[in-house]
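Q: no sequence for this one, just the structure:
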C-alpha cells in the first residue's frame with residue numbers, strides 16, 4: 001500500500017486491475033429470473049426425464065452451480081421462462097368452441113373510457129408528425 005502512495009502510476013495500475021476484475025465478475029454473474037418463474041420445491045409433484053450428452057450435462061451442472069441452484073431448480077426455472085417466452089410470441093391461437101364464444105363476448109363489449117389514456121393520446125407526439 002505504501003508503494004501505491006509513493007508511485008501514483010502504481011495506484012492507477014492497481015485501480016485499473018480492480019475495475020477489470022469487477023467487469024469480469026459482472027459478466028460471470030448468473031442472472032436471476034423473476035420470482036414468478038421460480039418453482040417452489042414443496043409444490044413439485046411431477047417428474048420430467050431428459051436425455052443429454054455428457055458435455056451438455058456437465059454444462060448444465062456448472063451453470064446451476066454458478067447460479068447457486070440445484071440442477072432441478074435451475075432446469076425448471078429456465079424451461080418455464082423459455083416456455084413462457086415461446087408461448088407469448090405466438091401469433092396463432094387455437095380455441096375450442098367454448099373459448100371462442102368467450103373471446104367473442106369479450107371483444108363485443110363496449111370499450112371502456114380511460115381518461116388518463118385519452119389525455120395522453122391528446123398530447124403532441126415527442127417524435128413529431
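A: Yep, that arrived. Everything numeric here is computed off the predicted structure, so don't read it as measured data.
Q: can you list the domains in the chain?
A: Per automatic domain parsing, the structural domains of the chain span 1-30, 34-90.
Q: out of these, which gets the lowest mean score?
A: Lowest mean pLDDT within these: domain 1-30, at a mean of 50.
Q: now stretch 71-79: buried residues?
A: 73, 74, 75, 76, 77, 78 (16 or more other C-beta atoms under 10 Å). C-beta here means a position set from N, CA and C on the backbone, and glycine is covered the same way.
Q: over to stretch 52-63?
A: Neighbour-count burial for stretch 52-63 [16+ other C-beta under 10 Å]: residue 60.
Q: quick one: residue 90 from residue 83, how far?
A: Distance of residue 90 to residue 83, given as C-beta to C-beta, to the nearest Å: 11 Å.
Q: where along the chain do the helices fall?
A: Along the chain, the stretches classed as helices by DSSP state H are 2-6, 8-28, 54-66, 71-88, 97-108, 115-122.
Q: which other helices and strands contact the third one?
A: Counting contacts by 3 or more C-beta pairs under 8 Å, 6 or more residues apart in numbering; DSSP states H and E, helix 54-66 is packed against helix 71-88.
Q: how about residue 48, what does it touch?
A: For residue 48, the contact set (C-beta atoms under 8 Å, 6 or more residues apart in numbering) comprises 76, 79.
Q: got phi/psi on it?
A: Main-chain dihedrals, residue 48, degrees, to the nearest 10: phi -130, psi 120.
Q: same check, this time on residue 93
A: Backbone torsions for residue 93, taken as degrees, to the nearest 10, come to phi -120, psi 130.
Q: tell me, how many residues neighbour it?
A: Each residue near residue 93 was counted by other C-beta atoms under 10 Å, and the total is 9.
Q: test for you: state the pLDDT assigned to it.
A: Note on residue 93: pLDDT of 80.
Q: and what of the one 4 residues further on?
A: In this model, residue 97 is scored at 94, pLDDT.
Q: for it, give its distance to residue 108.
A: For residue 97 relative to residue 108 (C-beta to C-beta), the value is 16 Å.
Q: got it, and residue 98?
A: Distance from residue 98 to residue 108, by C-beta to C-beta: 16 Å.
Q: residue 78 now?
A: Counting by C-beta to C-beta, the gap from residue 78 to residue 108 is 40 Å.
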